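>>> Fold the stuff below for me.
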Amino acid sequence: MAITTPNLSNIGISALIAAQQGLNTAGQNIANINTEGYSRQRVENQDRIGGGTEVVNIRRLVDETINNQLVQNTSAAKAATTRADLSQHIADTLADPATGLSSAVDGFFGALQELSADPGSALHRQVLLSQGEALSRRFQLLDSRVADARESTNVAIRGAVNEINQLSGAIADLNGQIIISRGSIQSNNELLDQRDQLIRDVAERIEVRTVQQDDGSINLLGPGGQALVLGTLTNELGVINNPYDAGRLEVANSAGFNISNSITEGSLGGALQVRSRLLDPVDNALGRIAAGITDAFNAQHRLGVDANGNLGGDFFAVTAPSVAAHQLNSGGTVTATLADVGAITTSNYLLTFDGGNAYTLTRESDGQTFTLDTGGVSPFTTATIDGFQLNITAGAAVGDSFSVRPVGDNAGTMSLAIASGAQVAAASPVTVESSFSNVGSGNIDQVNVASVTNLPLTGAPVSGSLQVTFSSATNELTLVPDPLGEGPLSYDPSTDASGVQFSVLGGDVEFRLSGVPSDGDTFTFNHNAGGVGNGDNRNVLELAGLANEALLEDASVSVQGAYELLVAEAGAQTRDAEISREALTGLLNQSIQDRDAVSGVNLDEEAADLLRFQQFYQASTQLIAAVDSLFQTLIDAVRR
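Sure thing, here's the model as predicted:
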């Protein structure tokens, strides 16, 4: 039986090739020690049939579980970082005395206090006007900062979507190259590294996961299973306008559907979360505060009289609640009005037509729904819901919807409604005088104007003065004139001398009578045409008192209190984002260390490999030289 012996020459050559490949691989590792995403490589050999060795693979040292965790932690950390940065900017703006609301509110109510000390001062009136303008501008400034942050989100959406599409396209191209090069010893290692790095780049912008395919390609899936890459094909994301607000951009999938709400990770998810969780509530909270000041201040200002003797008008102006129809609605209209500012929330609402006479109103902050039935009436005004009412005109189709923002535009549109200091209604519209002929101890005080429906006392229903006269015979007060038939009023000095509260003119005017009036004693109520001259500061004191009055959240929070709560909430969200950033950045760094432990280049290890492969190479050359020498000796022996 013949015995087959290995060919020493082939053994030496195969060893030399293997050594050279080992040296090349070690050199490649060393050369790429600072290359981002590079995975170190190792040569894998096996016995070759017939003797010697052969290189069967140059393997990337990777751990797919660690790589997947790195991708996930990259998305989460980037989202937290984006949230922390954007939230900090808004929180700083709200808390900064130079840009925040507190100093402007203090300045405005401080001007009211100064005017109350000298209500006839033209200078103090002008200062109040200036402080009112400054307060309005401060609301507008804060609104513009929020608008700037919204625009930054729009820019982030456009930029991120373009980058994701470009990166997805590059991943699809690499998939194609990897499929072609599959089976080669080394050529696709660099392609795989490049693809892994591109996947991490996408993960910085949006959450993704990968699905490995049998041909070596991967499918890249985005939020909600949205396919971004399928082998060598891509499904591009898009940017669309919000159907209720063309200035608000949303992310759309390849079919054109809005997927913004499903994006929670990456820089894009962080920006979208800040917009929905912070910017929208801040905008509405500022709008609610502006509405609270405007509504309460205007209501009290209308109960006063200005320097010209005219009843006060609105001091501030804001826009009506915003109602936007979906861009695909078939018809119908909806408007809204504020009915009870104290009950207004900081939420937006969605009104949907269900068919028939039914609508559903959803409070977006917590998902609370309200069922509305128009009863077939058009236009139909709803009951008050969370401080506002809806006026619905028929014409909508089933599924049509409307976005309702009760106070979202108020901060940006708040402005002064009066043009001069003389229009400040610092005085009360009504004065009361005791007749010179009065001999009793009766006294009228605590004169209050609750409404101006039947005022001023220079027109209907009382053209001139209203006289109140006491009759001892009947213990009654007669009213002259008495256009509303409210008299006589009972007053018994023997039991009522400590004081009795009355209201006349349909409740417009309230007063307190005390003491013991004599028969025929008369008190005359007049229109306060000379409010400046007589130093009347009654209404401006009421206006100044609004500073500490609980006007919001069902009469539980003052204007300053509401703003302090807003600043505190913004700070809490910022702190939460910072804590998340610290924690998630720590997890990301750990994932990077885990990857580097498996895939990173170690110079000491590579130096040892260089020495080992160099010795391997030298030994292989010596083997070849020995074979050559032996072969030459055999030839020489044959020649003899």
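>>> Please report the distance of the residue positioned nearest the centre of the chain from Gly387.
Geometric centre of the chain, nearest residue: Leu279, 2.2 Å, by C-alpha atoms, centre = their mean. Noted for Leu279: a distance of 22 Å to Gly387, by C-beta to C-beta, to the nearest Å. In short, each C-beta sits where N, CA and C put it, glycine included.
>>> Ok, Leu328 next?
Applying C-beta to C-beta, the value for Leu328 to Gly387 is 29 Å.
>>> So between the two, which is more surrounded?
Gly387 (20 against 10; other C-beta atoms under 10 Å).
>>> The more buried one is in contact with Leu338, isn't it?
Yes: at 6.4 Å, Gly387 and Leu338 qualify as touching, with contact defined as C-beta atoms under 8 Å.
>>> what's the overlap in contacts for those two?
Ile344, Pro406 (C-beta atoms under 8 Å, 6 or more residues apart in numbering).
>>> quick one: buried residues of the helix or strand containing Val432?
Applying DSSP states H and E as the criterion places Val432 in strand 430-434. The neighbour-count check on strand 430-434 (16 or more other C-beta atoms under 10 Å) flags Val430, Thr431, Val432 as buried.
>>> What strand or helix carries Thr583?
Just so we're on the same page, residue 583 is Ala rather than Thr. Ala583 belongs to helix 559-599 when elements are defined using DSSP H and E.
>>> Skip ahead from that helix and say which helix or strand is next.
With elements assigned by DSSP H and E, the helix or strand that comes after helix 559-599 is helix 603-639.
>>> Who are the packing partners of that following helix?
Applying 3 or more C-beta pairs under 8 Å, 6 or more residues apart in numbering; DSSP states H and E, we find helix 603-639 packed against helix 8-31.
>>> quick one: the helix it packs on to helix 603-639, angle?
Here helix 8-31 points in a direction 160 degrees away from that of helix 603-639 (axes from the mean of the first three to the mean of the last three C-alpha atoms, to 10 degrees).
>>> and helix 8-31, what other elements does it pack with?
Under the contact rule (3+ C-beta pairs under 8 Å, 6+ apart), helix 8-31 is packed against strand 41-47, strand 53-60, helix 603-639.
>>> and stretch 555-569, how far from the chain's centre?
18 Å (C-alpha atoms, centre = their mean, to the nearest Å).
>>> what residue ranges in the protein are flagged as low confidence?
Along the chain, the model assigns pLDDT under 70 to residues 1-6, 183-187, 530-534, 639-640.
>>> Show me how it divides into domains.
The chain breaks down by automatic domain parsing into domains covering 8-61+600-639, 67-285+556-591, 430-527.
>>> ok, Val62 to Gln212 distance?
In this view, Val62 and Gln212 are 12 Å apart by C-beta to C-beta.
>>> These two: who's more crowded?
Taking other C-beta under 10 Å, Val62 and Gln212 do not tie; Val62 has more neighbours (17 against 10).
>>> my read is the residue nearest to the centre of the chain is in a helix, agree?
Yes: Leu279: assigned to a helix according to DSSP: H, G, I helix; E, B strand; the rest coil.
>>> I'd guessed it sits against His89; true?
No: at 10.7 Å, Leu279 does not count as touching His89 under the criterion of C-beta under 8 Å.
>>> what sits in contact with each of those two?
Ala149.
>>> elements contacting the helix holding Ala583?
helix 64-95, helix 102-117, helix 280-301.
>>> His124: which of those is closest?
Of all the helices and strands packed on helix 559-599, it is helix 102-117 that lies closest to His124, at 4.3 Å by C-beta to C-beta.
>>> Mind listing what's buried along that closest one?
Ser102, Ala104, Val105, Gly107, Phe108, Phe109, Ala111, Leu112, Glu114, Leu115, Ser116.
>>> and if you look at stretch 235-247?
Asn235, Leu237, Gly238, Asn242, Pro243, Tyr244.
>>> follow-up on the earlier one: nearest to Glu564, of the helices and strands packed on helix 559-599?
helix 102-117 (7.6 Å).
>>> Next secondary structure after that closest one?
Next along from helix 102-117, by DSSP H and E: helix 122-181.
>>> quick one, that next one and helix 280-301 angle?
160 degrees.
>>> next one: helix 122-181 to chain centre, how far?
11 Å.
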